[in-house]
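# Sequence and computational prediction follow.
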Amino acid sequence: MKLLQLPSAELRRQMAGAGVWLRTGPFSLKLKSRIPSVAESLAKLYGQFEVRSVHEAFADFHIAVNPPGNLRRWLLPQAEFSFDGLQPFDPLPRDQAFPMLEWGLNWCVSTQAHQYLVIHAAVVEKNGLAAILPGPPGTGKSTLTAGLVLSGWRLLSDELTLIELKTGSIHPLPRPISLKNESIPLMRSFSPDAYLNRASHDTAKGTVAYLRPPKESVRRQHEPAQPGWIVFPKWVADGETELLPRSKQQTFQSLSQHAFNYTQFGVEAFRVWSGLIQQADCYDFQYSRLQEAVTVFDHLAESAAAGEARN
Amino acid sequence: MRAPTELVSLVFRNPDAIRRFSLGDWDRLVRQARQADLLARLHILLRQGGLDGEIPAVARWHFEVATALAECQATEIQMELRQLRTMLEGLCIPLVVLKGAAYVAAGLIAARGRHIDEIDLLVPRERLNEVESALKLADWHSVELPEYDQQYVHRWRHDAPSQQNLRRATLINVHHAILPDTAGFRPDTAKLRRSAAEVTGFAGLFVPSPEDRILHTSTLLFHDDELPRGLRDLSDLDLQLRQAATEADFWPRLLARAEEFELSRLLFYALRYTRHFFDTPVPDEVYDLLETAAPSRASLRLMDVIYIRMLAPNHHSCNDALTPLARHATYLRAHWLRMPAHLLLPHLFHKAFISPFQDSSPAKAS
């Protein structure tokens, strides 16, 4: 059953009680929250994801976002993230409860799922080939990702590129895309039909709102992709659209700074890592106009497909 | 006397039990074992029993990832130990390794599935500063502590502040004793160093004898105030006891050494709870001999109430109504054992009322 088939009152009741079982990409979650805004955003953004009975027995991550049990709740309402009874972070203002769930979930995957090389990068796919977009916040990575997936690219992930150590293929985790500050009105005008949830203000990253992942990306969330390109995006105000090749060695060095668990798997990670860089074409990409950016990426995908057809 | 919901030690005692596990049982087993840091060791146990095929597909990666990580860490520890040996050779100090890194170095069964991110070294107290300086030159630097904690460590602790390599994740703890200076009794560390034997195939690296290792693990376990990985430490003891027991005169040696160090009561507790959780094959006559060192029946009953809860995985599915009380009791007991009252009361006061307002240690969400 899909989450959107669950009446919202019923979802709120389950989340406040025994929790809901939800699958996202390769992971199953049991989620609990007594905070109504969490259930509300979840229903709107995760509608296409599979839910099962709360009595479904096994879940990879047991997660809760609830008011903390301290006295401050009387002064300033807060929300606290728990992973199986542990609280790895300080509580945040209640208004940030949903972003906290998303950040907490990223934390679970990047600290536990070592069957993958986990890179802090967005990743999108076309014709079976994936474009990995690493970049610290503020480089326009999420904006570019949103623009691409609203223009026919498949969303694999907005934050976490999961490269399976055994096969080197990239596994999707098509959760909502987090948009910050100016990119929120920008996406609204780029695609007026796209759904964004209610924004949370004054977070560590400024104002944050989430874009619902495309239905097709969620439907194909178990379909892996092969590495095609590694592109370092950079949004430059009024900048020209520019795609410049980048050396493999330079890419290797910069990309390893974005890997969460690169050091944990020594030699094996190095092997997967080298394979990835060998396989992918590497670029630096500067843009300011989203539509032009999409055209450049479409062109990359078309020439790869044409190259494939010639071979 | 066993909490019925604790599944980790149940599987160690009787691996075949997993054949009847529901998915709900697997869910609890994975969570409890993760909290106890025993996922990898459980996985290896199941593999050895030809039972890993019984692990349901949905739960499998949790075990595989934990095992891969432990194997990787063991390789890294070997590499670090070789570097440390070279460094200490220059100072003419033998490299004596304790705990997890010692299991790896000596190729013990207790190294299997053991996560190790720290190397514990034992050096003579008077050479501590030299070793710290040498570590600093080799890019190992002290982990930063708040001012009060730093002064406390330097004045009273049995080890220097942890040293972390600037380029790698491994931590090094340099000890000059196995218990803090504040504790009422102090096992003679020089004896411990003298009895350490060179590891075959790893010239220049020494690990303590089996009986000293077992006494050391027991001492740490029953002096700990939180026991975050109590069951893992107990499992280390279980595996070391099983392996050492294959040597002919191990048990008499262990009893004699415990007496020599005045650690018979701790050994009594260690054997009592390894038997309880892991069915460790301790000969009855050994256990009977140690009963002379046991506390009064009433104290023992209280210890059972506390330690059977504290040594279970720290997961809410293992808790009962008495668990919170047991935690408080362990915290107080550990501090009582390690510090005299004129130091303990100001220390607890500082920890309770001053430290919480100085540093906020939990990581920030990002």
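Sure thing, it's come through. Residues are numbered from 1 along each chain as shown, chains lettered A, B, ... in the order given.
# CA atoms for contacts and neighbours, from now on please.
Fine.
# Quick check, residue B:27 in contact with residue A:59.
Yes: with contact defined as C-alpha atoms under 8 Å, residue B:27 counts as touching residue A:59 (6.7 Å).
# Who has more neighbours out of the two?
A count of neighbours by other C-alpha atoms under 10 Å in any protein chain shown puts residue A:59 above the other of residue B:27 and residue A:59, at 24 against 19.
# could you point out which element follows the lowest-mean-pLDDT helix or strand in chain A?
Least confident helix or strand of chain A, by mean pLDDT, DSSP states H and E, is helix A:266-279 with a mean of 83. Later in the chain than helix A:266-279, the nearest helix or strand by DSSP states H and E is strand A:281-287.
# Report the strands that pair with that following strand, each with its relative direction.
Strand pairing for strand A:281-287, using DSSP bridges, gives strand A:226-235 (parallel), strand A:242-245 (antiparallel).
# Low-confidence ranges, the stretch 1-150 of chain A, go.
A:70-74 (pLDDT under 70).
# hmm, back to that, out of the strands paired with strand A:281-287, which is the most enclosed?
Most buried of the strands paired with strand A:281-287 by mean neighbour count (mean count of other C-alpha atoms under 10 Å in any protein chain shown) is strand A:226-235; its value is a mean of 24.
# Mind listing residues that contact that one?
If you take C-alpha atoms under 8 Å, 6 or more residues apart in numbering or on different chains as the criterion, strand A:226-235 is touched by A:128-135, A:138-141, A:144, A:168-170, A:251, A:276, A:279-288.
# Kindly recompute the last result at 7 Å.
With C-alpha atoms under 7 Å, 6 or more residues apart in numbering or on different chains as the test, strand A:226-235 has contacts from A:128-135, A:139-141, A:169-170, A:276, A:279-288.
# ok, of those, which come out buried?
Buried members of the contacts of strand A:226-235, counted by 16 or more other C-alpha atoms under 10 Å in any protein chain shown: A:129-135, A:139-141, A:169-170, A:276, A:280-288.
# For whichever residue of chain B sits closest to chain A, grab phi and psi.
Closest to chain A within chain B is residue B:24: 4.5 Å, counting by C-alpha to the nearest C-alpha. Residue B:24 adopts backbone torsions of phi -60, psi -40, taken as degrees, to the nearest 10.
# and it, what does it touch?
A:57, A:58.
# helix/strand/coil for the most centrally placed residue in chain B?
Nearest to the mean C-alpha position of chain B, by C-alpha atoms, centre = their mean, lies residue B:233 at 4.2 Å. Three-state assignment for residue B:233 (DSSP: H, G, I helix; E, B strand; the rest coil): helix.
# For it, give me its contacts.
Taking C-alpha under 7 Å, 6+ apart as the criterion, residue B:233 is in contact with residue B:221.
# quick one: residue A:215 from chain B, how far?
25 Å (C-alpha to the nearest C-alpha, to the nearest Å).
# okay, and for chain B, where does confidence drop off?
Looking at chain B by pLDDT under 70, you get B:1-4, B:142-162, B:165-169, B:179-187, B:225-226, B:332, B:335-366.
# Would you map out the domains in it?
B:73-207, B:209-354 (automatic domain parsing).
# from chain A, which residue is nearest to chain B?
Here chain A gets closest to chain B at one residue, residue A:57, 4.5 Å apart by C-alpha to the nearest C-alpha.
# how many neighbours does that residue have?
Residue A:57 has 16 neighbouring residues, counting by other C-alpha under 10 Å.
# and it, what is it in contact with?
The contact partners of residue A:57, taken as C-alpha under 7 Å, 6+ apart, are B:23, B:24, B:27.
# before we move on, what about residue A:164?
A:115, A:116, A:117, A:170.
# Show me the two of these that sit farthest apart.
A:115 and A:170 (11.7 Å; C-alpha to C-alpha).
# So which other helices or strands are in contact with the longest helix belonging to chain B?
Scanning chain B for the helix with the most residues, using DSSP state H, yields helix B:57-89. Counting contacts by 3 or more C-alpha pairs under 7 Å, 6 or more residues apart in numbering or on different chains; DSSP states H and E, helix B:57-89 packs against helix B:39-48, helix B:99-105.
# Highest mean neighbour count out of those helices?
When these are compared using mean count of other C-alpha under 10 Å, helix B:99-105 is most buried, at a mean of 23.
# after that one comes which helix or strand?
Remark: after helix B:99-105, the chain's next helix or strand is strand B:118-122, criterion DSSP H and E.
# Only C-alpha atoms, please: export that next one in PDB.
The C-alpha coordinates for strand B:118-122 follow below in PDB (Å, rounded to 0.1, in the frame of the first residue of the first chain):
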ATOM      1  CA  GLU B 118      41.700   2.400  20.100                       C
ATOM      2  CA  ILE B 119      45.200   1.000  20.900                       C
ATOM      3  CA  ASP B 120      46.000   0.800  24.600                       C
ATOM      4  CA  LEU B 121      49.700   0.800  25.500                       C
ATOM      5  CA  LEU B 122      51.200   0.100  28.900                       C
END
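# Identify the residues contacting it?
Contacts with strand B:118-122, where a contact means C-alpha under 7 Å, 6+ apart, come from B:96, B:97, B:98, B:99, B:101, B:170, B:171, B:172, B:173, B:174, B:175, B:176.
# Can you pick out the most distant pair from the residues you listed?
B:170 and B:176 (19.7 Å).
# Compare those two (neighbour count), which wins?
Neighbour count, other C-alpha under 10 Å: between residue B:170 and residue B:176, residue B:176 has more, with 21 against 18.
# No further queries at this time; thank you.
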